[in-house]
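Chemist: prediction below, plus the sequence it came from.
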Amino acid sequence: MKQKCIDVEQIATVLKLPADDERRRHLEECPRCASRLLIYQRYLSGAAAPGSDPDEADAHLAAVVKAEINRSAHRKDAPKHGGWLARAADVLLACPAWAAAAVILVAAVAVLWWRPWTPSDTVLRDGPSAQPTSRQVLVNAATASADGTVRLSWQPLEGADGYVVTVRTPDLHEVARFGPTADTSFLLDRSMLPPETPSVLLWRVFALSGGDEIGRSRPASLELP
(Lines give C-alpha, C1' and ligand atoms only; values in the text may rest on other atoms or scores of the structure.)
Protein backbone atom coordinates (compact mmCIF):
# COMPACT_ATOMS: atom_id res chain seq x y z
CA MET A 1 0.00 0.00 0.00
CA LYS A 2 1.40 3.40 -1.01
CA GLN A 3 2.19 5.65 1.98
CA LYS A 4 0.31 8.95 1.95
CA CYS A 5 2.46 12.11 2.00
CA ILE A 6 2.89 13.80 5.39
CA ASP A 7 1.01 17.06 5.97
CA VAL A 8 3.07 20.00 7.23
CA GLU A 9 1.22 20.13 10.55
CA GLN A 10 2.12 16.46 11.18
CA ILE A 11 5.88 16.77 10.53
CA ALA A 12 6.77 17.51 14.18
CA THR A 13 4.85 14.41 15.33
CA VAL A 14 6.35 12.15 12.66
CA LEU A 15 9.90 13.29 13.52
CA LYS A 16 9.40 11.87 17.03
CA LEU A 17 8.63 8.39 15.67
CA PRO A 18 11.31 5.63 15.62
CA ALA A 19 13.66 5.69 12.61
CA ASP A 20 12.21 2.42 11.29
CA ASP A 21 8.60 3.65 11.43
CA GLU A 22 6.95 3.59 7.98
CA ARG A 23 5.80 7.20 8.18
CA ARG A 24 9.24 8.39 9.37
CA ARG A 25 10.96 6.60 6.48
CA HIS A 26 8.45 8.06 4.02
CA LEU A 27 9.13 11.59 5.34
CA GLU A 28 12.84 11.18 4.61
CA GLU A 29 12.63 9.23 1.35
CA CYS A 30 9.74 10.91 -0.51
CA PRO A 31 10.97 13.94 -2.55
CA ARG A 32 7.81 15.93 -1.82
CA CYS A 33 7.91 15.23 1.92
CA ALA A 34 11.68 15.83 2.11
CA SER A 35 11.09 19.24 0.55
CA ARG A 36 8.38 20.02 3.09
CA LEU A 37 10.72 18.90 5.89
CA LEU A 38 13.50 21.18 4.62
CA ILE A 39 11.18 24.20 4.44
CA TYR A 40 9.72 23.34 7.87
CA GLN A 41 13.21 23.18 9.44
CA ARG A 42 14.27 26.46 7.84
CA TYR A 43 11.01 28.04 9.04
CA LEU A 44 11.71 26.97 12.64
CA SER A 45 15.30 28.19 12.54
CA GLY A 46 14.47 31.55 10.97
CA ALA A 47 15.19 34.75 12.86
CA ALA A 48 12.43 37.12 13.99
CA ALA A 49 11.54 39.91 11.60
CA PRO A 50 13.42 43.20 12.25
CA GLY A 51 11.55 45.37 14.70
CA SER A 52 9.25 42.59 15.88
CA ASP A 53 8.62 42.33 19.61
CA PRO A 54 6.31 39.50 20.85
CA ASP A 55 6.10 41.03 24.35
CA GLU A 56 4.99 44.36 22.93
CA ALA A 57 2.40 42.61 20.75
CA ASP A 58 1.02 40.71 23.78
CA ALA A 59 0.84 43.93 25.79
CA HIS A 60 -0.99 45.68 22.96
CA LEU A 61 -3.47 42.81 22.65
CA ALA A 62 -4.10 42.87 26.42
CA ALA A 63 -4.71 46.62 26.31
CA VAL A 64 -7.19 46.30 23.45
CA VAL A 65 -9.07 43.49 25.22
CA LYS A 66 -9.18 45.49 28.48
CA ALA A 67 -10.51 48.57 26.65
CA GLU A 68 -13.24 46.50 25.02
CA ILE A 69 -14.19 44.97 28.38
CA ASN A 70 -14.49 48.44 29.94
CA ARG A 71 -16.55 49.64 26.99
CA SER A 72 -18.80 46.60 27.35
CA ALA A 73 -19.28 47.30 31.07
CA HIS A 74 -20.66 50.76 30.27
CA ARG A 75 -23.21 49.15 27.98
CA LYS A 76 -24.61 46.71 30.56
CA ASP A 77 -27.70 48.79 31.22
CA ALA A 78 -28.29 49.60 27.58
CA PRO A 79 -30.99 47.71 25.62
CA LYS A 80 -29.64 44.63 23.89
CA HIS A 81 -29.73 44.67 20.11
CA GLY A 82 -28.38 42.43 17.40
CA GLY A 83 -28.43 38.69 16.89
CA TRP A 84 -26.37 35.77 18.14
CA LEU A 85 -23.13 37.31 16.78
CA ALA A 86 -23.50 40.38 18.93
CA ARG A 87 -24.31 38.25 22.01
CA ALA A 88 -21.25 36.07 21.34
CA ALA A 89 -19.07 39.17 21.13
CA ASP A 90 -20.41 40.38 24.49
CA VAL A 91 -19.57 37.01 26.09
CA LEU A 92 -16.01 37.09 24.72
CA LEU A 93 -15.45 40.67 25.83
CA ALA A 94 -16.70 39.83 29.31
CA CYS A 95 -13.94 37.22 29.75
CA PRO A 96 -10.33 38.14 28.80
CA ALA A 97 -9.21 34.50 28.71
CA TRP A 98 -11.97 33.56 26.26
CA ALA A 99 -11.19 36.58 24.10
CA ALA A 100 -7.50 35.70 23.91
CA ALA A 101 -8.33 32.07 23.14
CA ALA A 102 -10.67 33.17 20.35
CA VAL A 103 -7.94 35.35 18.80
CA ILE A 104 -5.43 32.47 18.92
CA LEU A 105 -7.95 30.01 17.44
CA VAL A 106 -8.79 32.30 14.52
CA ALA A 107 -5.08 32.90 13.82
CA ALA A 108 -4.31 29.16 13.94
CA VAL A 109 -7.16 28.32 11.54
CA ALA A 110 -5.99 31.05 9.15
CA VAL A 111 -2.41 29.74 9.16
CA LEU A 112 -3.45 26.12 8.59
CA TRP A 113 -5.83 27.15 5.81
CA TRP A 114 -3.27 29.30 4.00
CA ARG A 115 -0.10 27.21 4.69
CA PRO A 116 2.24 29.37 2.55
CA TRP A 117 5.14 26.97 3.09
CA THR A 118 3.29 23.93 1.64
CA PRO A 119 4.49 23.13 -1.89
CA SER A 120 1.80 22.49 -4.46
CA ASP A 121 1.24 18.91 -5.56
CA THR A 122 3.66 18.05 -8.34
CA VAL A 123 3.94 14.99 -10.53
CA LEU A 124 7.56 13.86 -10.27
CA ARG A 125 9.57 11.90 -12.77
CA ASP A 126 11.77 10.73 -9.90
CA GLY A 127 8.95 9.97 -7.46
CA PRO A 128 8.75 6.72 -5.43
CA SER A 129 10.41 3.99 -7.43
CA ALA A 130 8.20 1.44 -9.17
CA GLN A 131 11.09 -1.02 -9.09
CA PRO A 132 10.94 -3.12 -5.89
CA THR A 133 14.62 -4.08 -6.35
CA SER A 134 15.86 -0.45 -6.40
CA ARG A 135 18.62 0.02 -3.82
CA GLN A 136 19.70 3.08 -1.88
CA VAL A 137 22.67 5.17 -2.98
CA LEU A 138 24.46 6.78 -0.04
CA VAL A 139 25.41 10.42 -0.60
CA ASN A 140 27.97 12.55 1.21
CA ALA A 141 27.34 16.07 2.46
CA ALA A 142 27.69 18.71 -0.24
CA THR A 143 30.87 20.80 0.21
CA ALA A 144 31.39 24.33 -1.12
CA SER A 145 34.77 25.48 -2.46
CA ALA A 146 36.39 28.90 -2.46
CA ASP A 147 35.94 29.15 -6.25
CA GLY A 148 32.13 29.04 -5.84
CA THR A 149 31.61 25.44 -6.91
CA VAL A 150 29.84 22.81 -4.81
CA ARG A 151 31.15 19.24 -4.79
CA LEU A 152 28.48 16.54 -4.77
CA SER A 153 29.70 13.02 -4.07
CA TRP A 154 28.24 9.61 -3.28
CA GLN A 155 29.22 6.03 -2.53
CA PRO A 156 29.47 3.67 -5.51
CA LEU A 157 26.65 1.16 -5.88
CA GLU A 158 27.58 -2.40 -6.86
CA GLY A 159 26.54 -3.18 -10.42
CA ALA A 160 26.11 0.46 -11.47
CA ASP A 161 27.83 1.66 -14.64
CA GLY A 162 26.55 5.24 -14.55
CA TYR A 163 24.92 7.88 -12.38
CA VAL A 164 22.51 10.74 -13.02
CA VAL A 165 22.32 13.80 -10.74
CA THR A 166 19.14 15.88 -10.51
CA VAL A 167 18.80 19.30 -8.89
CA ARG A 168 15.47 20.71 -7.70
CA THR A 169 14.19 23.79 -5.91
CA PRO A 170 12.59 23.32 -2.46
CA ASP A 171 9.15 23.32 -4.16
CA LEU A 172 10.35 20.30 -6.22
CA HIS A 173 10.75 22.08 -9.56
CA GLU A 174 13.58 20.38 -11.46
CA VAL A 175 16.14 22.96 -12.63
CA ALA A 176 18.91 20.68 -13.92
CA ARG A 177 19.80 17.05 -14.72
CA PHE A 178 23.38 15.91 -15.29
CA GLY A 179 24.82 12.64 -16.57
CA PRO A 180 25.02 9.78 -16.98
CA THR A 181 28.56 9.81 -15.61
CA ALA A 182 30.76 6.95 -14.44
CA ASP A 183 32.27 9.15 -11.69
CA THR A 184 31.01 9.17 -8.11
CA SER A 185 31.35 12.93 -7.71
CA PHE A 186 30.23 16.03 -9.56
CA LEU A 187 31.24 19.70 -9.41
CA LEU A 188 28.21 21.99 -9.56
CA ASP A 189 28.66 25.62 -10.52
CA ARG A 190 25.93 28.27 -10.40
CA SER A 191 26.55 28.98 -14.10
CA MET A 192 25.17 25.50 -14.86
CA LEU A 193 21.76 26.51 -13.45
CA PRO A 194 19.10 28.96 -14.64
CA PRO A 195 19.72 32.61 -13.56
CA GLU A 196 16.78 32.73 -11.12
CA THR A 197 17.72 29.50 -9.28
CA PRO A 198 17.61 29.98 -5.46
CA SER A 199 20.64 29.28 -3.28
CA VAL A 200 19.04 26.46 -1.27
CA LEU A 201 18.34 23.36 -3.36
CA LEU A 202 17.72 19.62 -3.24
CA TRP A 203 19.84 17.08 -5.12
CA ARG A 204 19.53 13.37 -5.77
CA VAL A 205 21.55 10.60 -7.42
CA PHE A 206 20.19 7.76 -9.58
CA ALA A 207 22.33 4.67 -10.24
CA LEU A 208 22.02 3.02 -13.67
CA SER A 209 23.00 -0.30 -15.17
CA GLY A 210 22.65 -0.61 -18.92
CA GLY A 211 20.40 2.46 -18.89
CA ASP A 212 18.01 1.01 -16.28
CA GLU A 213 17.69 2.42 -12.78
CA ILE A 214 18.98 0.05 -10.08
CA GLY A 215 19.23 2.48 -7.17
CA ARG A 216 18.64 6.01 -5.97
CA SER A 217 19.59 8.25 -3.07
CA ARG A 218 17.34 10.08 -0.67
CA PRO A 219 16.89 13.81 -1.46
CA ALA A 220 19.71 15.83 0.12
CA SER A 221 20.09 19.57 0.55
CA LEU A 222 22.81 21.84 -0.78
CA GLU A 223 23.46 25.57 -0.59
CA LEU A 224 25.19 27.55 -3.30
CA PRO A 225 27.79 30.12 -2.14
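Modeler: That came through, no problem.

Chemist: going forward, measure contacts between C-alpha atoms and count neighbours the same way
Modeler: Fine.

Chemist: where do the helices of this structure begin and end?
Modeler: Ranges of helices in the chain, per DSSP state H, are 11-15, 22-29, 31-45, 54-73, 84-94, 96-114.

Chemist: lowest average confidence across these, which one?
Modeler: With a mean of 53, helix 96-114 has the lowest mean pLDDT of these.

Chemist: what lines up beside the lengthiest strand in the chain in the sheet?
Modeler: What stands out as the longest strand in the chain, according to DSSP state E, is strand 200-209. Next to strand 200-209 in the sheet, as set by DSSP bridges, lie strand 162-168 (antiparallel), strand 212-216 (antiparallel), strand 220-223 (antiparallel).

Chemist: residues of the last one that come out buried?
Modeler: To tie it back to what came earlier, the one meant is strand 220-223. 220-222 (16 or more other CA atoms under 10 Å).

Chemist: tell me the one of those nearest Leu187?
Modeler: Leu222 (12.2 Å; CA to CA).

Chemist: hang on, that closest one packs against Ala142?
Modeler: Yes: Leu222 is within contact range of Ala142, at 5.8 Å (criterion: CA atoms under 8 Å).

Chemist: and the gap between Cys30 and Ala176?
Modeler: Distance, Cys30 to Ala176, by CA to CA, to the nearest Å: 19 Å.

Chemist: quick one: which of the two has more around it?
Modeler: Neighbours of Cys30 and Ala176, each counted by other CA atoms under 10 Å, are more numerous for Cys30; the result is 21 against 14.
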